[in-house]
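Q: Structure for this input, please:
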Amino acid sequence: MNFWKALLYTFILIILMNLIGFMISSISYFLKIPYIISFITQSILTVFCYYFFLTKFLKNKTIIRFKNVFIPFSESLILPIILSAIGLKILQEPFFEIYKRVTTPNDFPLNIVNMNSELNFEFIIRAVPALIIAPFFEELIFRKIFIDNLSKLYSVKNAIIFSSICFSLYYLPNFSNLIPTFLLGLVAGYLYIKSKKIIIPMIFHFLCNLIVGLLKLYGKTLLDNIDKLNLNIYYWMFIFFGGILLITGLYTINSKHKNSKLRA
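A: Numbering: from 1, shown residues only. Take a look at the predicted model:
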């Protein structure tokens, strides 16, 4: 697989997912189907779409067997993975902030009021795709399959970069998430190459999405305080702290897999 073929596969997946979303939205609108039912239906169809994409386009059936995914790993990796996830989410903050400042009209307040979501059945159902479906299938596709195949033609470093580009493009047209998802792809790719186990980036991806969910539930005070910093010195000290957490987590993981090196 070369980079252009990986891009083609990415856009095919984008088209498939958007077709599902458009189809479910249209049917729900005309038939007056309750939102929660249409969302569950879309989530189920999303799983089938991922499976169809893996088996028909990528022609890979054995990789999605659980025994090939949930390989045992050292419990000592959990803490550094958590540190890496927290650190990355902090480092992603400036990109969201800059995007907000560039796109917010002058006649609207810059600081958007943060609201805590309510922990209810609907919130839990909405969280399932982000916490389970996305980490499982996206890591299989963009890390396991893409990196394994791209590294046959390119260096491992370039394979990680190319797969991360495809991963970030997959989230279009959400431009605010373009660079943050690229960074997530780089870290997840690094974790996969170092550990040789796809379950590690899956856990990392899950934790990143879990942090977002927790912020939606309980993060109003924290997010308001970050907004009030208004990119001052304390804001950048906070971002620097996130970088330290990420580096510490990755360094710890690297030290546990010293024999696994990235090929230049």
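
Q: Report the secondary structure state of Leu178.
A: Using DSSP: H, G, I helix; E, B strand; the rest coil, the structure places Leu178 in helix.

Q: how about stretch 133-144: buried residues?
A: Ala134, Pro135, Phe136, Phe137, Glu138, Glu139, Leu140, Ile141, Phe142, Arg143, Lys144 (16 or more other Cβ atoms under 10 Å). From N, CA and C alone the C-beta is placed, and that goes for glycine too.

Q: so where's the stretch 101-250 of the chain uncertain?
A: 105-113 (pLDDT under 70).

Q: wait, Leu245 sits on Ile86?
A: Yes - Leu245 lies in contact with Ile86 (Cβ atoms under 8 Å); the separation is 5.5 Å.

Q: More neighbours: the two, which one.
A: Of the pair Leu245 and Ile86, Leu245 is the one with more neighbours under other Cβ atoms under 10 Å, namely 21 against 18.

Q: which stretch of helix or strand covers that one?
A: For Leu245, the element it lies in under DSSP states H and E is helix 233-256.

Q: And Ile15, by the same measure?
A: Counting by DSSP H and E, Ile15 is part of helix 3-31.

Q: Next, the buried residues of that helix.
A: Phe3, Ala6, Tyr9, Thr10, Leu13, Leu16, Met17, Ile20, Ile24, Ser28.

Q: for that helix, packing partners?
A: Applying 3 or more Cβ pairs under 8 Å, 6 or more residues apart in numbering; DSSP states H and E, we find helix 3-31 packed against helix 35-52, helix 146-150, helix 156-169.

Q: Apply 6 Å and report the result again.
A: helix 35-52, helix 156-169 (3 or more Cβ pairs under 6 Å, 6 or more residues apart in numbering; DSSP states H and E).

Q: orientation of that helix relative to helix 156-169 in degrees?
A: 20 degrees (axes from the mean of the first three to the mean of the last three Cα atoms, to 10 degrees).

Q: Could you list which residues are in contact with Leu150?
A: Leu150 makes contacts with Met1, Ala159, Phe162, as judged by Cβ atoms under 6 Å, 6 or more residues apart in numbering.

Q: from memory the last one sits against Phe3, does it?
A: Yes - counting by Cβ atoms under 6 Å, Phe162 sits close enough to Phe3 to count as a contact (4.8 Å).

Q: Mind picking the one among the buried residues of helix 3-31 that's closest to Leu191?
A: Lowest distance from Leu191 to those (Cβ to Cβ) belongs to Ala6, with 19.4 Å.

Q: That closest one: what's it in contact with?
A: Applying Cβ under 6 Å, 6+ apart, the residues contacting Ala6 are Phe146, Cys166.

Q: how close does it sit to Lys152?
A: The gap separating Ala6 from Lys152 is 12 Å, by Cβ to Cβ, to the nearest Å.

Q: list residues touching both of Phe162 and Phe3?
A: Contacts common to Phe162 and Phe3, judged by Cβ under 6 Å, 6+ apart, are absent.

Q: okay, the helices and strands packed on helix 3-31 in JSON lines with distance to Leu223 next?
A: Converted to JSON lines, these look like this (distance: least, Cβ to Cβ, whole Å):
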{"stretch": "helix 35-52", "distance to Leu223": "25"}
{"stretch": "helix 156-169", "distance to Leu223": "23"}
